[in-house]
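# Have a look; sequence and predicted model below, questions after that.
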Amino acid sequence: MKRSKRYRALAEKIDRNKYYAVTEAIGLIKEFAGAKFDETVEVVFKLGIDPRQSDQQLRGSYSLPKGIGKSMRVLVFAEGEKAEAAKAAGAIETGGQDLVKKVEDGFLDFDVAIAVPEMMRFVGRLGRTLGPKGLMPSPKSGTVTNDVTEAVSEFAAGKIEYRNDSSGNLHIPVGKGSFSAEDLEANVNAFYDHVRSLRPAAVKGRYIEKVVLSCTMGPGLKLDLN
């Protein structure tokens, strides 16, 4: 992959063989995040799991202590009073089979999809549309629930969903380049502790193999989180 001149200049400032303390890494990331937009800061975990095994997969949702600097667009599959409650909590769109049809027809202008349990018999047919985009409602991630008010409020405020990819990696946004160093560090440390707490019993050997911090347009820095 051909890298930009700016990226190459930033890459020369880091030691590829070094594992950086979180505070030092964040200082460099804030220096790197100088593009013309507010870059997202992301942490990637390389995990020693076998993603082919269902008992080793990681999937869920988590509220970072300092948020992610973005308001999420939440869609809710619900009708009646629950749809009204979801709208009041900040959902951009609510509905039943009509909304399922709208999504089937190509409407994907949202970041999170939530469904009440009784709607899943209709929402299930959206698996091929929403699944590959990581938008399919799931009890494990807290997006299939009867408590739509709390779910919408949390996800709209920036609660993140996570799921390991086919290589056993987790990619998580932990804030913006405009965040203070203290807020970024709080988010990185909090999610690291959360991932540690999720270690599947079936995993043998090393669980967290590597953690890398980066911003949208900059190179990654390996973290020393011991």
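Looks like it arrived, so ask away.
# now do the same end-to-end measure for stretch 44-57.
Criterion CA to CA, to the nearest Å; first-to-last residue distance in stretch 44-57 is 16 Å.
# An error on my part: the question was meant for stretch 25-41.
Start-to-end, stretch 25-41 (CA to CA) is 11 Å.
# what are the ranges of the strands in the protein?
Ranges of strands in the chain, per DSSP state E, are 40-47, 59-62, 74-77, 93-95, 112-115, 160-163, 169-176, 208-215, 221-222.
# Go ahead and confirm Gly69 touches Ile160.
No: between Gly69 and Ile160 there is no contact under CB atoms under 8 Å: 11.6 Å. The C-beta positions use only the backbone N, C-alpha and C, and glycine is treated the same way.
# ok so, going back, which stretch among the strands of the chain comes nearest Gly34?
strand 208-215 (9.1 Å; CB to CB).
# Tell me the span between the first and last residue of stretch 129-136.
Using CA to CA, the end-to-end distance of stretch 129-136 comes out at 8 Å.
# What are the buried residues along that stretch?
Across stretch 129-136, burial judged by 16 or more other CB atoms under 10 Å covers Thr129, Gly134, Leu135, Met136.
# With stretch 146-158 instead?
Buried residues in stretch 146-158, counted by 16+ other CB under 10 Å: Val148, Thr149, Ala151, Val152, Ser153, Glu154, Phe155, Ala156, Gly158.
# for stretch 155-174, same thing?
For stretch 155-174, by 16+ other CB under 10 Å, it's 155-156, 158-164, 168-170, 172-174.
# Now do the domain split for this protein, please.
14-66+161-222, 74-157 (automatic domain parsing).
# Check the separation of the first and last residues in the shortest one.
Between the start and the finish of domain 74-157 there is a gap of 10 Å, counting by CA to CA.
# ditto for the longest one
End-to-end distance of domain 14-66+161-222 (CA to CA): 10 Å.
# Figure out how far that domain is from the centre of its chain.
Here domain 14-66+161-222 is found 10 Å from its chain centre; the criterion is CA atoms, centre = their mean, to the nearest Å.
# Could you do the last one as well?
For domain 74-157, the distance from its own C-alpha centre to the chain's C-alpha centre is 17 Å (CA atoms, centre = their mean).
# what about the longest helix in this structure?
The longest helix of the chain (DSSP state H) is helix 181-197.
# What is that helix packed up against?
Here helix 181-197 touches helix 22-32, strand 40-47, strand 169-176, strand 208-215, going by 3 or more CB pairs under 8 Å, 6 or more residues apart in numbering; DSSP states H and E.
# returning to that earlier point: in a markdown table: the domains of the chain, plus mean pLDDT and distance to Lys5.
Below are those laid out as a markdown table (pLDDT from 0 to 100; distance: least, CB to CB, whole Å):
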| stretch | mean pLDDT | distance to Lys5 |
| --- | --- | --- |
| domain 14-66+161-222 | 92 | 12 |
| domain 74-157 | 95 | 32 |
